[in-house]
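*Asks:* A structural model of the following input is requested.
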Amino acid sequence: MTPDNSQSSPPNRPRRGGRKPGPAEQKQRHVVSVRLTDAEHARLNQEAEQFNRSQGEVLRAVWLSQDTATKFPAPRTPEQARELAQLAGMAANLNQLTKQGHQGQDIRSAVVTVLRQMHALLNSLAPDAT
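*Replies:* Down below sits the predicted model:
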């Protein structure tokens, strides 16, 4: 025979123990998957153990302490890509002129023209470099 506990036990109340929840904006809701080589994974494990942290805490600490903009160049705009292709074409022209100069041809005016064009294009690509 089983005892009837419906009348003798107190009503179910939620437990109030444990840490109080933090602000909702600080809740870590998103998971990011990263593929690592065996060597990278071993290094991550070693650093996590060394600093008594989880792998996620180690990665987050490194990522947050570094400015991503200094590590990765901004992607090129279509205009910059066209200018770089144009610059590569000018470099090829300069190489052809150099070859003609070694063959004894007078290339001075053509070289000056190509170098002026290259200088103007380089200034448009990196105006602070000059």
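*Asks:* flag every buried residue along the helix ranked longest in the chain.
*Replies:* Looking across the chain with DSSP state H, the single longest helix is helix 78-102. Residues of helix 78-102 classed as buried by neighbour count (16 or more other CB atoms under 10 Å): 83, 87, 90, 93-94, 97. In this view, the C-beta of every residue, glycine as well, is placed from N, C-alpha and C.
*Asks:* what is the most widely separated pair among those?
*Replies:* Glu83 and Leu97 (20.7 Å; CB to CB).
*Asks:* between the two ends of stretch 45-60, how far is it?
*Replies:* Distance between the boundary residues of stretch 45-60 (CA to CA, to the nearest Å) amounts to 14 Å.
*Asks:* tell me the mean pLDDT over it?
*Replies:* Stretch 45-60 comes out with an average pLDDT of 91.
*Asks:* swap in stretch 89-104?
*Replies:* The average pLDDT within stretch 89-104 is 91.
*Asks:* neighbouring contacts of that stretch?
*Replies:* With contact meaning CB atoms under 8 Å, 6 or more residues apart in numbering, stretch 89-104 is reached by 107, 110-111, 114-115, 117-118, 121.
*Asks:* now stretch 49-68
*Replies:* 34, 44-45, 47-48.
*Asks:* show me the strands in this structure, by range?
*Replies:* Applying DSSP state E to the chain gives no strands.
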